[in-house]
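> need coordinates for the below:
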Amino acid sequence: MQFKRTYLVPLALLLAATLCSLSTPPEEKAKNLKVLPKNISHDDLMKEMRSYNKALGVKCDYCHAKLPDNPQKMDFASDAKEEKETAREMLKMTFRINKKYFKSGKDEKGMQVMTVTCYTCHNGQKEPASKPAGGEEAPHQH
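Predicted coordinates:
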């Protein structure tokens with residue numbers, strides 16, 4: 001039995017596509033997302049997490065627990081650290097502020113377009129300052 005050339009090209013393309021899909025690992029989906037969109041891409045999630053790192057001047061282990069059986073790795077899905085829930089509440093707060101006061105809505109990916117961010121209050125610190133740097137404010141001149 002002899003294949004016709006018209007079948008050979010599509011069959012070769014199908015075989016190539018199948019082999020390529022087997023060699024590329026599937027993108028790992030984030031687990032336990034409660035505030036960020038569940039369909040967020042890995043790249044967008046990493047950008048978001050890096051923005052939190054910079055806004056608070058912290059590393060991943062500030063909010064994320066380490067794996068109990070391998071403390072060299074992070075258990076990103078774990079809710080063991082209180083800071084992670086605090087971060088979720090802070091995100092919800094910024095979303096509410098932006099929606100109510102800045103009418104910012106969502107972008108084409110469903111992500112909240114923020115005007116107020118973590119950095120707005122934290123300025124690269126774990127805890128937002130409650131007073132201006134340099135001590136007390138000067139009394140107002142009337």
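
> grab the nearest non-local neighbour of residue 128.
Of all residues not flanking residue 128 in the chain, residue 121 sits nearest, at 4.0 Å (Cβ to Cβ, 6 or more residues apart in numbering). For glycine as for every other residue, the C-beta is placed from the backbone atoms N, C-alpha and C.

> count of residues packed around residue 91?
19 (other Cβ atoms under 10 Å).

> that one contacts residue 33, doesn't it?
No: counting by Cβ atoms under 8 Å, residue 91 does not reach residue 33; the two are 11.0 Å apart.

> for residue 92, which non-adjacent residue is closest in space?
Nearest residue to residue 92 in three dimensions, chain neighbours excluded: residue 35, at 6.0 Å (Cβ to Cβ, 6+ apart).

> that neighbour against residue 93, yeah?
No: in this structure residue 35 lies outside contact range of residue 93 using Cβ under 8 Å: 10.5 Å.

> can you tell me the SS state at the residue nearest to residue 92?
Secondary structure for residue 35, judged by DSSP: H, G, I helix; E, B strand; the rest coil, is coil.

> what sits against it?
For residue 35, the contact set (Cβ atoms under 8 Å, 6 or more residues apart in numbering) comprises 88, 91, 92, 95.

> among these, who's most crowded?
Neighbour counts for these (other Cβ under 10 Å) peak at residue 91, which has 19 neighbours.

> my guess is residue 63 contacts residue 82. True?
No: at 9.1 Å, residue 63 does not count as touching residue 82 under the criterion of Cβ under 8 Å.

> neighbour count: the two, which is higher?
Using other Cβ under 10 Å, the more surrounded residue of residue 63 and residue 82 is residue 63, with 21 against 9.

> and the more buried one, how close does it get to residue 119?
To residue 119, residue 63 is 16 Å away according to Cβ to Cβ, to the nearest Å.
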